[in-house]
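Q: pasting the structure only:
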Ligand SMILES: [Zn+2]
């Protein structure tokens with residue numbers, strides 16, 4: 001069953017890539033297994049939330065993504081911040 005071997009290889013690769021990017025091995029393993037080429041590509045292109053620049057909501061203090069316009073916890077409308085919080089995966093500013 002060459003296809004199954006191929007699919008399994010892609011699933012394994014996708015799972016490993018997903019895990020390296022801080023996501024779930026199992027989820028990317030499934031995605032890459034069902035959609036061998038596309039799944040692996042998606043895993044490669046996937047941006048971890050840890051790579052997002054973040055900022056703190058002035059209303060409730062929740063850490064939200066920089067591009068979020070409204071706080072997901074308290075609904076405060078968020079101006080573009082003066083100070084952004086560095087992504088967890090980066091040490092140096094962009
Ligand atoms: Zn808030």
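A: Alright, I've got the coordinates. None of these values were measured; they are calculated from a predicted model. Residues are numbered from 1 along each chain as shown.
Q: right, and residue 8 touches residue 33 too?
A: Yes. Assessed by CB atoms under 8 Å, residue 8 is found in contact with residue 33 at 6.9 Å. Any C-beta I mention is one placed from the backbone N, CA and C, and that applies to glycine too.
Q: Between those two, which has more neighbouring residues?
A: A direct count of neighbours by other CB atoms under 10 Å for residue 8 and residue 33 places residue 33 higher, at 19 against 15.
Q: Name the SS class of the more buried one, please.
A: Following DSSP: H, G, I helix; E, B strand; the rest coil, we place residue 33 in the helix state.
Q: The residue lying closest to it once chain neighbours are set aside: which element?
A: The shortest distance from residue 33 to any non-neighbouring residue, by CB to CB, 6 or more residues apart in numbering, is to residue 11 (3.4 Å). Assigned by DSSP states H and E, residue 11 belongs to helix 2-20.
Q: For residue 71, give its distance to residue 6.
A: Distance of residue 71 to residue 6, computed by CB to CB, to the nearest Å: 45 Å.
Q: Just want to know which of these two has more residues nearby.
A: The neighbour count for residue 71 versus residue 6, taken as other CB under 10 Å, is higher for residue 71 (18 against 12).
Q: ok, now which ones touch the residue nearest to residue 33?
A: Applying CB atoms under 8 Å, 6 or more residues apart in numbering, one finds that residue 11 lies in contact with 29, 30, 32, 33, 36, 39.
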